[in-house]
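Student: pasting the structure only:
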Ligand SMILES: [Zn+2]
């Protein structure tokens, strides 16, 4: 997500001029805690000459030390679906401006031992040149599918979760130099728009450009699902960036900020068990309130957190945006467990869960219609209608007004 403009300085200037000396002192003291980037050993990638090596076949990709060509990427996603038809299917979120596919692999266990499965979403590389997450997501698909039935923890995770993985949300940016290479990738889409500055702003600032096709498709896709937890994967830095991006924590604190800190800490600490140098270039903890790092508007994170009651985290996974191919495996080895564990966090939202059997009403008003299976959930800020008519009896999680409302259908 990092952009060369020094936004921290911009935010600092704005704080000084608009909020006065008190906030100035707060900002200075917050900045004083952040070490200079050179206070830690250089990231491995800066020690080696860069080489972007492409895989031209699925077999070459499966050595996991190369980036896929566009054709290999699409073929690999299709092969996952073909090879594991009881565990996954391939969804098309939409098309890029140049007609490339924006894909999502939907994965869940084949067991029917759980009636309800909350929906999780990983999405990567909205900035086309931030490639680490693209690679990690492909490998995560491969690992989840191959481990089902042999790994007890992954089998359990898949049997209780619907996992949607979109490895590449800006394919035109990644394959700007043509389908055969990612070496010429850039940040923007084919219309030179930064897709992470193009979402409707919850707080009233219209984006500079009209809503781009890639983002329109993404919004439609999210509206078709009930994702409770998600992450958007970036590169260029190493930090967990939690909501809000539009505000400093002093200006407006996210209602789940303490939960975000716990989740982010677990992610970072899990990675550091493998490589203690990771996630140190922005804050010593490895996580930060987005706006405290630098304020942005029209980003995806705030849009989905605010409008869709999803909890979306921005993960900055490597200081180098285009990792040398031979380092990709190193990042997988360091981060795979944390990426898997983050999915499981969807089962630990309990501190904010509101449990409402449909036959009762508590602080939320729930109007069940048992004959048609339709319910309406009304809160002071929102009214949502859901049709559970064709779903089996069981427990469902419904995102309403920033909370996951647990609804039981009898
Ligand atoms: Zn980015």
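Tutor: That came in fine, so what should we check first? Fair warning: this is a prediction, and the values are worked out from it, not measured in the lab.
Student: what about the protein, any weak spots by pLDDT?
Tutor: Within the chain, the segments meeting pLDDT under 70 span 1-50, 113-116, 204, 309, 350-410.
Student: Please parse it into its domains.
Tutor: With domains defined by automatic domain parsing, the chain comprises 7-38, 44-351, 353-409.
Student: Could you dump these into JSON lines with mean neighbour count added?
Tutor: Every residue, glycine included, has its C-beta placed from N, CA and C. Formatted as JSON lines, the domains of the chain follow (neighbours: other C-beta atoms under 10 Å):
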{"stretch": "domain 7-38", "mean neighbour count": "13"}
{"stretch": "domain 44-351", "mean neighbour count": "20"}
{"stretch": "domain 353-409", "mean neighbour count": "15"}
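Student: Tabulate these (a markdown table), appending distance to the ion.
Tutor: Formatted as a markdown table, these follow (distance: least, C-beta to the ion, whole Å):
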| stretch | distance to the ion |
| --- | --- |
| domain 7-38 | 13 |
| domain 44-351 | 3 |
| domain 353-409 | 25 |
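Student: ok, now which ones touch the spatially closest residue to residue 179 that is not a sequence neighbour?
Tutor: Spatial nearest neighbour of residue 179, excluding adjacent residues (C-beta to C-beta, 6 or more residues apart in numbering): residue 70 at 3.7 Å. Each residue near residue 70 by C-beta atoms under 8 Å, 6 or more residues apart in numbering is listed here: 100, 171, 175, 179-180.
Student: do that again at 7 Å, thanks
Tutor: Listed by C-beta atoms under 7 Å, 6 or more residues apart in numbering, the contact set of residue 70 reads 100, 171, 175, 179.
Student: and it, how far is that from residue 230?
Tutor: Going from residue 70 to residue 230 by C-beta to C-beta, to the nearest Å gives 24 Å.
Student: from what I can see residue 88 touches residue 105, true?
Tutor: Yes. Counting by C-beta atoms under 7 Å, residue 105 is a contact partner of residue 88 at 5.5 Å.
Student: shared neighbours of those two, which are they?
Tutor: Between them, residue 88 and residue 105 share these contacting residues under C-beta under 7 Å, 6+ apart: 80-81.
Student: what's the spacing between the residue nearest to residue 179 and residue 185?
Tutor: Counting by C-beta to C-beta, the gap from residue 70 to residue 185 is 11 Å.
Student: next one: residue 283
Tutor: Residue 283 sits 27 Å away from residue 185, going by C-beta to C-beta.
Student: which SS class is the residue nearest to the spatial centre of the chain?
Tutor: When C-alpha atoms, centre = their mean is applied to the chain, the residue found nearest the centroid is residue 231 (1.5 Å). Three-state assignment for residue 231 (DSSP: H, G, I helix; E, B strand; the rest coil): strand.
Student: isn't it right up against residue 313?
Tutor: Yes. Counting by C-beta under 7 Å, residue 313 is a contact partner of residue 231 at 4.7 Å.
Student: the helices in the stretch 101-250 of the chain, which residues?
Tutor: Counting by DSSP state H, counting those that start in this stretch, the stretch 101-250 of the chain has helices at residues 132-147, 152-159, 171-174, 213-224.
Student: returning to what we had before: tell me the phi and psi of the residue nearest to residue 179?
Tutor: phi -60, psi -40 (degrees, to the nearest 10).
Student: any idea where the strands of the stretch 1-150 of the chain begin and end?
Tutor: Taking DSSP state E, counting those that start in this stretch as the criterion, the stretch 1-150 of the chain carries its strands at 54-55, 67-68, 88-95, 101-107, 119-124.
Student: The last one to helix 213-224, inter-axis angle?
Tutor: Read that as strand 119-124. With axes from the mean of the first three to the mean of the last three C-alpha atoms, to 10 degrees as the basis, strand 119-124 and helix 213-224 are set at 170 degrees to each other.
Student: which residues are contacting strand 119-124?
Tutor: Residues outside strand 119-124 that contact it (C-beta under 7 Å, 6+ apart) are 133-134, 137, 161-169, 225-233, 343, 346.
Student: before we move on, the earlier item: spit out the contact partners of the residue nearest to the centre of the chain.
Tutor: Residue 231 touches 122, 312-313, 315, 342, counting by C-beta under 7 Å, 6+ apart.
Student: now do residue 190
Tutor: Residue 190 neighbours (C-beta under 7 Å, 6+ apart): 96-98, 172.
Student: try 10 Å this time
Tutor: Applying C-beta atoms under 10 Å, 6 or more residues apart in numbering to residue 190 gives the contacts 96-100, 128, 170-173, 175-176, 212-214.
Student: So which of the contacts of residue 231 are in helices?
Tutor: residue 342 (DSSP state H).
Student: Identify the farthest-apart pair in the contacts of residue 231.
Tutor: Comparing all pairs in these by C-beta to C-beta, the longest separation belongs to 312 and 342, at 11.6 Å.
Student: any common contacting residues for those two?
Tutor: Counting by C-beta under 10 Å, 6+ apart, the common neighbours of residue 312 and residue 342 are 229-231.
Student: ranges for the strands of the stretch 201-350 of the chain?
Tutor: Under the criterion DSSP E, counting those that start in this stretch, the stretch 201-350 of the chain contains strands at 227-234, 237-242, 287-289, 311-318.
Student: Direction included, what does the last one pair against?
Tutor: The strands that strand 311-318 pairs with in its sheet are strand 227-234 (parallel), strand 237-242 (antiparallel) (by DSSP bridges).
Student: and of these, who's closest to residue 195?
Tutor: Comparing the strands paired with strand 311-318 by C-beta to C-beta, strand 227-234 comes nearest, at 10.3 Å.
Student: one step back: state the pair within the contacts of residue 70 that is farthest apart.
Tutor: 171 and 179 (9.2 Å).
Student: where do the contact lists of those two overlap?
Tutor: Listed as contacting both residue 171 and residue 179 by C-beta under 10 Å, 6+ apart are 70, 73-74, 100.
Student: Mark which of those residues are part of helices, please.
Tutor: Assigned to helices by DSSP H, the following of the shared contacts of residue 171 and residue 179 qualify: 70, 73-74.
Student: of those, closest to residue 191?
Tutor: Closest to residue 191, out of all of these and judged by C-beta to C-beta, is residue 70, at 18.6 Å.
Student: Could you check how far the closest one is from residue 296?
Tutor: 29 Å.
Student: What of residue 290?
Tutor: 7 Å.
Student: hey, what's in contact with both of the two?
Tutor: In contact with both residue 290 and residue 296: 1, 241, 244-246, 302, 314, using C-beta under 10 Å, 6+ apart.
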